[in-house]
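*Asks:* Next input, structure requested:
(one chain, ligands or ions: 1)
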Amino acid sequence: MSADQVPKDAQFQKLVGYVVGNQAAWFIDIGLKTGLFRTVAGAGESGIREDALSEQLGYTLRYVQVWCRGAYAFELLDWDDSSGYRLAPHMESLLLDRSDPRWMGGRFPFYTALFEDFRAFPEYLRTSDIWPRSAHDAFLLEALANATKPDSVMITEQVLPQAPATLARLEAGAQILDIGAGGGHHVIHYARRFPNARVVGLESDPPSVELARRALAEANIDDRVEIRASDANDLEDEDAFDLVTLNIALHETGDHAHHVNVLNRVRRALKPNGTVVVSELPYPDSPQEYRQNPVFTMLAGIQLHEALVGCGMITQGELVDLLKDAQFADVRVAQQSVPTRFVMLGEKPR
Ligand SMILES: C[S@@+](CC[C@H](N)C(=O)[O-])C[C@H]1O[C@@H](n2cnc3c(N)ncnc32)[C@H](O)[C@@H]1O
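*Replies:* Numbers count the residues shown, from 1 in each chain. Just a heads-up that it's a prediction; the model follows:
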């Protein structure tokens, strides 16, 4: 596009929009961490005034006013003269309801935690250095674990019904393997959701293994769940699992050859007719698509973090090919409501 096709004013407004989006993300982060959203939600439709909010939370009125007005400006809160502030439509479930698969409240602290990567990137441009995730500040690891938590509900409630035979086996009691188990949230969710099933979480990063084992102990989950400290590239099980899940994990297992290796091992580890669920970031296949969907545009930013921590990237088309090449049967895209995920299903042929 040439300069005479695009008004300068439109480009200026676009840049202003980026500043606003950045600020809105931080206002959301603050509102979540401080309980401001939760307290406004608690007031319901009657609304709450700035002074009552300040008193209820013990926060400085001047700062509460600044936050409320910004949150109103960013259309996170609504306001009227007679009742004060209330949450804007759907913000309660999107920001506060952990059981909603589109819960964004867990994701914002991750997006804001990325400021460290953006700040460091100019230095890394000159070197080929990797900044491993485990060397990042602990709050980024915690924020990342929270960002992926709603996926567990999406997988069990929206994706697995699309593999009804496997779902029935899970309800009756079956074996689940979660590869790249991270902090263990998903294995705990699976164990609770399928009280007759046995669950193995496989994780290669020692601090995450520790975190997952601690989470299991705290969750008081019985011996149906095990965290195995090993690399998915070395998976040796055969005909052992009814379901294998990889949530935002396959692209982290190495390069293309590693992805192929892991999926071949997953097929071997599944029982005949067992199901694999691979959930990935929905990277588009062509650069043009990055501008066609705001989620893809956002992923372009997330990719900077992924590159810095040494992760690869799997586009949607590549994931389809990977599963087909690994000789899964009935390879299909799962229908689900989380636009920041691309989820595929496949079965081990009999
Ligand atoms: C983005 S995290 C997702 C964690 C978890 N699945 C979730 O959704 O919360 C990816 C996880 O995969 C783990 N991982 C990466 N490569 C792995 C490998 N080769 N074998 C096992 N785990 C691996 C990482 O250590 C990390 O904990």
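*Asks:* how about the residues of the stretch 101-250 of the chain near the ligand?
*Replies:* 145, 148, 151, 179-182, 185-186, 202-205, 208, 231-233, 247-249 (C-beta under 6 Å from any ligand atom). Where you see a C-beta, it was placed from the backbone N, CA and C, and this is true even at glycine.
*Asks:* Buried subset of those as a ChimeraX selection?
*Replies:* Buried residues within those, by 16 or more other C-beta atoms under 10 Å, are selected in ChimeraX with:
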select :145,148,151,179,180,181,182,185,186,202,203,204,205,208,232,247,248,249
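*Asks:* Mind checking which of the residues of the stretch 101-250 of the chain next to the ligand are in strands?
*Replies:* Using DSSP state E, the subset of those located in strands is 179, 202, 203, 247.
*Asks:* so who does the closest residue to the last one other than its chain neighbours touch?
*Replies:* Looking back up the chat, that one is residue 247. The shortest distance from residue 247 to any non-neighbouring residue, by C-beta to C-beta, 6 or more residues apart in numbering, is to residue 279 (4.6 Å). Residue 279 makes contacts with 151, 154, 155, 159, 245, 246, 247, 248, 341, 342, 343, 344, as judged by C-beta atoms under 8 Å, 6 or more residues apart in numbering.
*Asks:* Format those as JSON lines; extra columns: pLDDT.
*Replies:* JSON lines is the format used below for the contacts of residue 279 (pLDDT from 0 to 100):
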{"residue": "151", "pLDDT": "94"}
{"residue": "154", "pLDDT": "96"}
{"residue": "155", "pLDDT": "98"}
{"residue": "159", "pLDDT": "98"}
{"residue": "245", "pLDDT": "98"}
{"residue": "246", "pLDDT": "98"}
{"residue": "247", "pLDDT": "98"}
{"residue": "248", "pLDDT": "96"}
{"residue": "341", "pLDDT": "96"}
{"residue": "342", "pLDDT": "98"}
{"residue": "343", "pLDDT": "98"}
{"residue": "344", "pLDDT": "98"}
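*Asks:* Looking at those, state which has the most neighbours.
*Replies:* Using other C-beta atoms under 10 Å as the neighbour test, the contacts of residue 279 are led by residue 245, with 30 neighbours.
*Asks:* Paired strands for the helix or strand where that one lies, with orientation please.
*Replies:* Using DSSP states H and E, the element containing residue 245 is strand 241-247. Each strand paired with strand 241-247, and its direction, by DSSP bridges: strand 175-179 (parallel), strand 270-280 (parallel).
*Asks:* Next, the buried residues of the next helix or strand after the last one.
*Replies:* Which is strand 270-280. As assigned by DSSP H and E, the chain's next helix or strand after strand 270-280 is helix 294-308. Judged by neighbour count using 16+ other C-beta under 10 Å, the buried positions of helix 294-308 are 296, 298, 299, 302, 305, 306, 307, 308.
*Asks:* do the same with stretch 124-143
*Replies:* 131, 133, 136, 140, 141, 143.
*Asks:* Between the two ends of that stretch, how far is it?
*Replies:* Its start and end residues considered, stretch 124-143 measures 23 Å (C-alpha to C-alpha, to the nearest Å).
*Asks:* got the contact list for that stretch?
*Replies:* 109-110, 112-114, 116-117, 120, 144, 183, 205, 207-208, 211, 308-310.
*Asks:* now with 7 Å?
*Replies:* 109, 110, 113, 116, 120, 205, 207, 308, 309, 310 (C-beta atoms under 7 Å, 6 or more residues apart in numbering).
*Asks:* Also stretch 252-271?
*Replies:* By C-beta under 7 Å, 6+ apart, the list of residues contacting stretch 252-271 reads 177, 180, 232-233, 235, 237-242, 244, 250, 276, 311-312, 314, 322-323, 325-328, 348.
*Asks:* tell me the least confident of the buried residues of stretch 124-143?
*Replies:* Lowest pLDDT of these: residue 141, 80.
*Asks:* any idea which element it lies in?
*Replies:* Element membership for residue 141 (DSSP H and E) is helix 138-148.
*Asks:* pLDDT on stretch 183-201, on average?
*Replies:* Stretch 183-201 carries an average pLDDT of 96.
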